[in-house]
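A.B. asks: need a 3D model of the sequence below.
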Amino acid sequence: MSAPDMDLTIRHMQLDDLDAVHTIDVLSFSLPWPERSFRFELLDNPNSRQWVAEVIGEDGRPRLAGVIVVWMIVDEAHIGTIAVHPDLRRMGIGRKLLETALDAARQAGMLTVFLEVRRSNRAAQELYKQYGFQVTGIRLRYYQDTGEDALLMELRIGEERIERRE
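C.D. replies: As a prediction, the model looks like this:
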């Protein structure tokens with residue numbers, strides 16, 4: 001199954017989503033954000049934009065599938081986190097979240113989008129490269145749990161709609 005085949009909705013994060021968002025983050029990262037960080041982004045950070053992906057579960061009820069948080073400051077956007085529930089990966093959900101955030105950044109007048117990704121996370125790097133991100137630097141020993149380096153990736157965005165490159 002892929003995103004076009006499923007009932008997928010991308011919407012703004014709400015307070016009621018925090019438990020599920022935090023669960024996805026814990027399942028996705030060795031250094032997850034505390035729940036209070038997502039609460040701060042949602043309620044107290046005027047530069048933050050947050051979206052969630054929601055799918056219809058086997059029981060017919062909505063299920064949170066993924067999350068993305070982006071900070072927009074002056075003319076730069078920074079992807080703070082993006083995660084998809086492990087059971088729902090490789091279905092295009094991360095792509096839809098990324099496209100939503102990139103389109104919003106462009107519409108808000110952002111010129112550049114940045115993110116950090118673990119050097120070992122090849123799957124994420126390939127996804128970002130498909131949208132035109134390029135490695136522009138290395139943050140040495142960025143990840144506290146392992147001391148792993150982060151690759152700094154950058155995308156210059158223009159006026160056209162953000163779409164995956166083949």
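A.B. asks: go ahead and flag the most central residue of the chain.
C.D. replies: residue 82 (2.5 Å; CA atoms, centre = their mean).
A.B. asks: what helix or strand is residue 53 on?
C.D. replies: Residue 53 belongs to strand 48-56 when assigned by DSSP states H and E.
A.B. asks: ok, the residue nearest to the centre of the chain to residue 95 distance?
C.D. replies: 10 Å (CB to CB, to the nearest Å). C-beta here means a position set from N, CA and C on the backbone, and glycine is covered the same way.
A.B. asks: can you pull the residues that touch both of those two?
C.D. replies: Counting by CB atoms under 8 Å, 6 or more residues apart in numbering, residue 82 and residue 95 have no contacts in common.
A.B. asks: before we move on, back to that, beta partners of the residue nearest to the centre of the chain?
C.D. replies: Here residue 82 shows beta-bridge partners residue 68, assigned using DSSP bridges.
A.B. asks: for the chain, which segments count as strands?
C.D. replies: Using DSSP state E, the strands of the chain run over 8-12, 48-56, 62-73, 76-84, 112-118, 134-139, 150-156.
A.B. asks: which strands and helices lie in contact with the fourth one?
C.D. replies: Using 3 or more CB pairs under 8 Å, 6 or more residues apart in numbering; DSSP states H and E, the elements in contact with strand 76-84 are helix 18-28, strand 62-73, helix 93-107, strand 112-118.
A.B. asks: pull out the buried residues from the last one.
C.D. replies: The neighbour-count check on strand 112-118 (16 or more other CB atoms under 10 Å) flags 113-118 as buried.
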